[in-house]
Every structure is written in C-alpha cells, then in structure tokens.
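Student: quick check, what structure comes out for this input:
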Amino acid sequence: MQIKDIYKPEFETVLVMQGGGSLGAYECGVYKALEKRGIKFDVVSGTSIGAVNAGIIAGSKSSNPAKDLEDFWLHISENVTPPFSDVFRSMTAAALSAFYGNPNMFQPLWSPLVPPASMPYLYDLAPLKKTLSDYIDFSRLAPGTSPRLIVTSTDIKTSESVVFDSHKAQITADHLAACAGFPFYGIAWTKVDGRYLWDGSLMSNTPLREVIHASPKCDKRVYLVNLFPARQDSLPENLLDSLHRARDIMYTDKTHHNIRMSKTIKRYLTLLKEMHDMLSNIPLDDEMKERFMRIEQEYHKVATVRGAIIDQVVKIERREDVHFIFEDADFSVPTIKRLIRQGEDDAEKVLSAL
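Tutor: Numbering: from 1, shown residues only. Okay, the predicted model is just below:
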C-alpha cells in the first residue's frame with residue numbers, strides 16, 4: 001500500500017489570540033483585516049481577553065463578527081477627560097479602573113472598611129457576562145456549530161490548564177469569564193463544573209498547543225496574534241520599565257518549540273514516505289516480505305496517528321514605541337481606537353507581504 005492512500009492530511013485554518021487586557025483591542029483590528037481578506041477560520045481560540053474576542057467571533061449575534069467585535073470594544077471603552085498626553089491619559093484611565101472598575105467589564109467589590117489585602121479578589125466579572133450577552137448568541141458555541149471555539153483557563157487548586165471546546169460541550173458566559181480572571185489585577189475566579197478557575201494566561205498566553213491537542217487529526221494553518229513584543233532593543237531605565245519588560249517576556253508568544261518540532265516531524269514523515277514507497281516497489285523474498293509487513297504496520301500507525309502538523313504560521317505582532325506598565329488597563333476611548341487601527345494596519349502589512 002502506498003502511504004498516499006492513507007496519509008491525506010486535512011487542513012484547518014486557526015486563529016490564536018492572546019490575553020492582554022485592553023491590548024485585546026489590537027486583536028479586534030487584526031480580525032477586521034483578516035475578514036476583509038475573506039479568510040475564514042475553522043477554529044478560533046484564545047485565553048483571557050483573547051478568549052472573549054474568540055467567543056464574540058465564533059458566536060457573533062448579528063452574524064457579522066468583525067462589527068460585533070468592534071462594537072464590543074467601543075462599548076467597554078471609557079471617556080477620560082481632559083485627554084492630556086497619551087501616557088498621562090493611560091495613567092488616569094488605569095487609576096479610574098482601579099478605583100471604580102469598568103461598568104461594562106468588572107465591578108469593584110472592595111470596601112474602604114476592609115483592607116484589600118485581606119480579600120482573595122477585588123473585582124467581579126458580572127458586568128462582562130452581561131455585556132457578552134449583547135454580542136454573543138451562545139447557541140452558536142455548542143457541538144455541531146462552526147467555527148469551533150477553543151478557550152483556556154487555569155485550575156487554581158491543581159495548576160492544570162482547563163480547555164473549553166465548543167465541539168465537546170456548550171460554552172457559556174461563565175466559561176469565557178473563567179478564562180479571564182486575572183489574579184494579578186485582583187479579578188475574581190469563576191466556578192465552572194465544580195472547579196475554581198483563573199485566567200488561562202497563567203499556564204500559557206498563546207494556546208496553540210491546546211488547539212493541537214484538541215484537534216490532533218487535522219494539520220493547521222495558523223494565524224497568531226502576539227500582543228507582547230518579543231524583542232526590545234533598549235534596556236529598562238527604571239523599576240517600572242523593568243517590570244514592564246519582565247511582563248512582556250512572561251506573556252509573549254512561546255510557541256517556537258511547537259512550530260520547530262512540527263516542521264521536524266513533517267520532514268521525517270516525508271522521508272519515511274519516500275523510503276516506504278521505494279521499498280514497497282522492490283522485489284522481496286518471503287522472509288523480507290514478512291519483515292516488511294511488520295514494519296509497514298508500525299509505519300502506518302506513525303503516519304495516521306502522528307498528531308497535527310503546523311503547516312504554516314502567520315504571526316502579527318504588536319509594536320511598542322512607549323513602554324507603560326499599566327497599558328493593558330487603559331480602556332480610554334482614544335487608546336482603544338488607536339489599538340484597533342494599529343492591529344488592522346499591522347495585519348494588512350503582514351498579509352500583503354505573503
């Protein structure tokens with residue numbers, strides 16, 4: 001038997017989005033550019049705010065995911081007046097969010113009478129769940145629907161990654177909120193199916209591996225959005241700069257190993273196929289035929305259960321001219337609009353170069 005008879009890889013087009021608070025508006029712009037190009041996704045995945053974006057794309061209430069996603073971001077953005085400079089406005093917006101929350105995202109639970117450090121969390125995501133119902137038809141996030149939604153959270157007690165997959169079970173607002181409970185900003189955990197869950201970025205901020213594990217039989221063409229720059233040429237000048245750069249390193253894309261291993265496996269499979277086909281066309285005596293049949297059985301197993309191969313990766317990465325530690329907590333209208341525009345422009349440049 002020729003391996004071409006059994007090795008016919010099916011391809012899925014996958015969008016992977018990271019967590020990053022208000023920086024998730026950049027992903028909105030990226031998706032706008034992808035949709036304009038007519039790129040359709042079989043799988044949409046994400047964690048933290050990336051899971052929220054993915055949920056809106058997969059479950060768009062109006063069947064216009066780019067519009068619903070942008071409307072969502074403009075709805076949760078806030079006016080900060082007077083506007084001041086960009087950095088000062090960001091500082092003001094982050095401070096206002098810390099004190100008053102965001103009426104469409106999270107509400108403060110703390111009281112002046114209770115020391116914040118004595119509480120396990122400071123903000124509740126009930127407003128986000130309510131907001132999502134305006135933009136998502138959750139019946140579209142269930143088995144038998146398309147695109148497939150895969151989002152991730154973290155089990156607080158076991159430190160395990162918890163994957164929610166719309167092809168296996170219904171995904172609700174609680175599931176999306178569970179992916180976005182970021183403890184470093186005091187966001188509450190969410191209880192789902194008896195498990196207490198935090199933000200999925202604590203385990204991996206780029207859930208490509210989880211997508212591969214969830215869908216191992218189809219090879220992947222991946223579009224990946226990286227919100228945290230992998231490279232910064234200048235060294236930090238102060239402690240806040242150091243914290244900012246450390247955060248970038250913690251949450252930037254780290255899928256290089258998965259991609260490199262996938263390419264290696266693909267080369268090995270190609271070589272094995274050529275060797276198999278060559279041997280299958282050579283006359284063999286009875287003893288060699290028997291050995292070849294045993295080897296061929298193992299070979300077919302390798303070829304058919306090899307796991308998904310990453311065939312192509314298109315990466316769109318956010319650039320930074322000004323470094324500000326609380327940039328991911330700035331939901332001011334000008335910042336959100338700028339991030340959407342930047343994401344769209346960057347994606348257009350990358351796609352035009354393909």
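Student: report the contact partners of residue 29.
Tutor: Neighbouring residues of residue 29 by Cβ atoms under 8 Å, 6 or more residues apart in numbering: 339-347. In this view, the C-beta of every residue, glycine as well, is placed from N, C-alpha and C.
Student: just those: which are in helices?
Tutor: Among these, the members falling in helices (DSSP state H) are 339-347.
Student: low-scoring pLDDT stretches of this structure, where are they?
Tutor: Along the chain, the parts satisfying pLDDT under 70 run over 1-9, 81-84, 302-307.
Student: where exactly do the helices run in it?
Tutor: Chain-ordered helices for the chain, with DSSP H as the definition, fall at 24-36, 49-59, 65-76, 86-100, 126-132, 173-178, 208-214, 239-251, 256-280, 286-304, 333-352.
Student: if I look at the residue nearest to residue 100 when sequence neighbours are not counted, how far off is residue 125?
Tutor: Taking Cβ to Cβ, 6 or more residues apart in numbering, and ignoring the residues beside it in sequence, residue 100 has residue 108 as its nearest neighbour in space, at 6.7 Å. Here the criterion is Cβ to Cβ, to the nearest Å. By it, residue 108 lies 12 Å from residue 125.
Student: neighbour-wise, which of the two wins?
Tutor: Counting neighbours by other Cβ atoms under 10 Å for residue 108 and for residue 125 shows that residue 125 has the greater number, 25 against 16.
Student: so what's the more buried one closest to, chain neighbours aside?
Tutor: Distances taken as Cβ to Cβ, 6+ apart put residue 177 closest to residue 125, at 4.5 Å, once the chain neighbours are dropped.
Student: count residues in the vicinity of that neighbour, would you?
Tutor: 25.
Student: show me what contacts it?
Tutor: Shown here is residue 177, whose contacts under the criterion Cβ under 8 Å, 6+ apart are 125, 128-129, 190.
Student: can you lay out these as TSV showing distance to residue 209?
Tutor: Shown next, in TSV, are the contacts of residue 177 (distance: Cβ to Cβ, whole Å):
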residue	distance to residue 209
125	26
128	26
129	28
190	23
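Student: farthest-apart pair in the residues you listed, please.
Tutor: Spatial extent of the contacts of residue 177 (Cβ to Cβ) is set by the pair 128 and 190 at 10.3 Å.
Student: now the end-to-end length of stretch 121-129.
Tutor: 17 Å (Cα to Cα, to the nearest Å).
Student: how about residues contacting that stretch?
Tutor: 52, 101-110, 116, 173-174, 176-177, 180-181, 183, 185-190.
Student: of the residues you listed, buried ones?
Tutor: Among the contacts of stretch 121-129, those that count as buried by neighbour count (16 or more other Cβ atoms under 10 Å) are 52, 101-102, 104-109, 173, 176-177, 180-181, 183, 185-190.
Student: just the ones of those in strands?
Tutor: Among the buried ones among the contacts of stretch 121-129, the residues falling in strands (DSSP state E) are 107-108, 190.
Student: nearest to residue 235 among those residues?
Tutor: Nearest to residue 235 among these, counting by Cβ to Cβ, is residue 108 at 36.1 Å.
Student: my read: the closest one touches residue 97, true?
Tutor: No - with contact defined as Cβ atoms under 8 Å, residue 108 does not count as touching residue 97 (9.4 Å).
Student: roughly how far does residue 315 sit from residue 257?
Tutor: As it turns out, when the distance is counted by Cβ to Cβ, residue 315 lies 15 Å from residue 257.
Student: neighbour count for those two, which is higher?
Tutor: A direct count of neighbours by other Cβ under 10 Å for residue 315 and residue 257 places residue 315 higher, at 15 against 9.
Student: didn't the more buried one look like it was pressed against residue 255?
Tutor: No - with contacts counted by Cβ under 8 Å, residue 315 stays clear of residue 255, the gap being 9.2 Å.
Student: which neighbours do these two have in common?
Tutor: residue 224.
Student: quick one: contacts for residue 141?
Tutor: Taking Cβ under 8 Å, 6+ apart as the definition, contacts of residue 141 comprise 55, 58-59, 149, 166, 170-172.
Student: which residue, other than its chain neighbours, is closest to it?
Tutor: Across the structure, with Cβ to Cβ, 6+ apart as the measure, the residue nearest residue 141 apart from its sequence neighbours is residue 171 (4.0 Å).
Student: the one you found contacts residue 138, correct?
Tutor: Yes - Residue 171 is within contact range of residue 138, at 7.1 Å (criterion: Cβ under 8 Å).
Student: more neighbours, these two?
Tutor: When neighbours are counted by other Cβ under 10 Å, residue 171 comes out ahead of the other of residue 171 and residue 138, with 26 against 18.
Student: from residue 144, how far out is that one?
Tutor: If you go by Cβ to Cβ, the gap between residue 171 and residue 144 works out to 13 Å.
Student: and which of the contacts of residue 141 is nearest to residue 48?
Tutor: So of these, ranked by how close each gets to residue 48 (Cβ to Cβ), first place is residue 55, at 11.7 Å.
Student: for that closest one, which non-adjacent residue is spatially closest?
Tutor: Taking Cβ to Cβ, 6+ apart as the measure, residue 55 lies nearest to residue 176, with 4.8 Å between them; neighbours along the chain are not counted.
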